[in-house]
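Participant: Here you go, sequence then predicted model.
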Amino acid sequence: MKNQTLKICNETIHPGESLSLAIPLPEIFSCSPLYMPVKVVHGKQAGPCVVILAAIYGNELNGSEIINRLLNSSTMNKLKGTLIAIPVVNVFGLMTRSQLLPNDQDLDTHFPGSEKGSHASRFANLILQEILSHADYCIDLRTGALNHSDLPQVYTTKNEPDSLELAKVFNAPVITRVRPVENTLRATLAKQNIPYIVYEAGEAMRFDEHAIKIGMKGIVNLFKKLDMLSAKISDKTKETQSFITEESFWIHASTSGVNHSKVKLGQLVKKGDILSSIRDPFGASETEVIRSGYDGIIVGMNNLPLVREGEALFQLSMFTQMDEAISHFESWDYQEGLNNE
């Protein structure tokens with residue numbers, strides 16, 4: 001079936017067209033105009049509309065690279081349905097190498113937003129009305145925070161089977177099921193019954209080639225699942241490659257000092273295992289040893305050598321089938337990929 005015309009920000013896009021748009025954003029005090037880049041691939045044949053967002057936090061760059069490589073791929077010429085991709089949502093944050101909007105506002109705490117609210121609220125409303133109003137599915141590409149590395153993982157909404165199916169097809173090592181938090185993009189899309197997944201991998205302000213490749217492959221897998229791309233029999237994806245967890249937590253520094261980590265991403269730790277040692281940089285006090293209080297897999301970690309008391313150091317995920325999970329993670333060559341920056 002032939003696709004229909006699409007209208008975004010008063011621009012009409014015909015079937016078979018690809019278009020780059022620049023949507024004006026709420027002004028900042030310098031009166032300098034800011035524009036959000038929007039890339040549209042509108043296939044000749046009808047199909048779902050997938051919206052892909054990157055850099056909601058402006059210093060998280062892996063997602064931007066994933067989108068730009070995807071758009072430059074010849075695969076997109078065969079796409080059915082519609083792809084709306086925003087390689088940089090938070091343009092201000094990109095310019096300032098920051099996660100946040102002006103006035104240190106977090107965009108992902110201001111949904112669904114309003115036309116007459118704060119800067120962040122107006123921005124959220126713009127995204128929802130002009131972009132996400134077209135979405136049948138949404139993929140949000142993120143990384144760990146600055147100086148924090150995340151194992152490639154997909155976050156999906158609890159009690160939402162459609163988003164879980166997409167997460168399985170994405171084939172990241174870990175799927176984490178979370179509850180929606182009010183005023184976030186996840187909660188807003190859940191109320192609109194739009195399946196939403198977050199792919200999070202790597203670290204802010206650093207390209208991670210391993211994470212980028214997993215992200216690109218995951219999106220192509222998802223397009224095939226939705227019949228937006230044709231899948232050969234040999235290309236069919238095993239949906240058992242991701243392990244699902246609903247329980248993860250951070251281990252925090254018990255004191256301040258120089259942190260010496262003893263573990264790596266993807267590593268199994270047992271209760272009582274030493275995760276790191278924290279030493280006084282002036283040599284005036286004894287070394288503090290940080291131990292794991294649980295059995296789990298390291299899925300996130302702080303890379304800073306200098307840490308403050310109470311600072312998050314390691315994120316552990318727990319799995320019901322831990323023995324199988326260990327074998328699963330050993331089959332992924334994470335550390336090699338994480339070092340290929």
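Facilitator: Looks like it came in fine.

Participant: Only alpha carbons, please: show stretch 267-287 as CSV.
Facilitator: Extracted in CSV, the C-alpha atoms of stretch 267-287 (Å, rounded to 0.1, in the frame of the first residue of the first chain):
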residue,chain,number,x,y,z
GLN,A,267,31.9,-8.8,35.3
LEU,A,268,30.1,-11.0,37.8
VAL,A,269,30.7,-10.2,41.5
LYS,A,270,29.7,-12.2,44.5
LYS,A,271,28.6,-10.9,47.9
GLY,A,272,31.7,-9.8,49.8
ASP,A,273,33.9,-9.4,46.7
ILE,A,274,36.2,-6.3,46.7
LEU,A,275,35.0,-3.8,44.1
SER,A,276,37.5,-1.0,44.8
SER,A,277,39.8,0.5,47.3
ILE,A,278,39.7,4.2,48.2
ARG,A,279,43.0,5.8,49.5
ASP,A,280,43.7,9.1,51.1
PRO,A,281,45.6,11.1,48.4
PHE,A,282,47.8,12.6,51.2
GLY,A,283,48.6,9.2,52.8
ALA,A,284,47.2,10.3,56.1
SER,A,285,44.6,7.6,56.7
GLU,A,286,44.1,3.9,56.0
THR,A,287,42.7,2.5,52.8
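
Participant: Pop the domain breakdown of the chain in here.
Facilitator: Listed domain ranges for the chain are 6-244, 247-339 (source: automatic domain parsing).

Participant: Which of those domains has the lowest mean pLDDT?
Facilitator: If the domains of the chain are sorted by mean pLDDT, domain 247-339 sits at the bottom with a mean of 86.

Participant: Longest strand in the protein, please.
Facilitator: strand 148-157 (DSSP state E).

Participant: That strand: how far from the chain's middle?
Facilitator: 7 Å (Cα atoms, centre = their mean, to the nearest Å).

Participant: quick one: the helix or strand following that strand to strand 148-157, angle?
Facilitator: With elements assigned by DSSP states H and E, the helix or strand that comes after strand 148-157 is helix 161-170. Using axes from the mean of the first three to the mean of the last three Cα atoms, to 10 degrees, the inter-axis angle of helix 161-170 relative to strand 148-157 is 140 degrees.

Participant: So which elements touch helix 161-170?
Facilitator: The contact analysis (3 or more Cβ pairs under 8 Å, 6 or more residues apart in numbering; DSSP states H and E) places helix 161-170 against strand 148-157, strand 174-178, strand 196-203, helix 209-225. Every residue, glycine included, has its C-beta placed from N, CA and C.

Participant: List the buried residues of stretch 142-159.
Facilitator: Neighbour counts over stretch 142-159 (16 or more other Cβ atoms under 10 Å) mark 142-146, 148-157 as buried.
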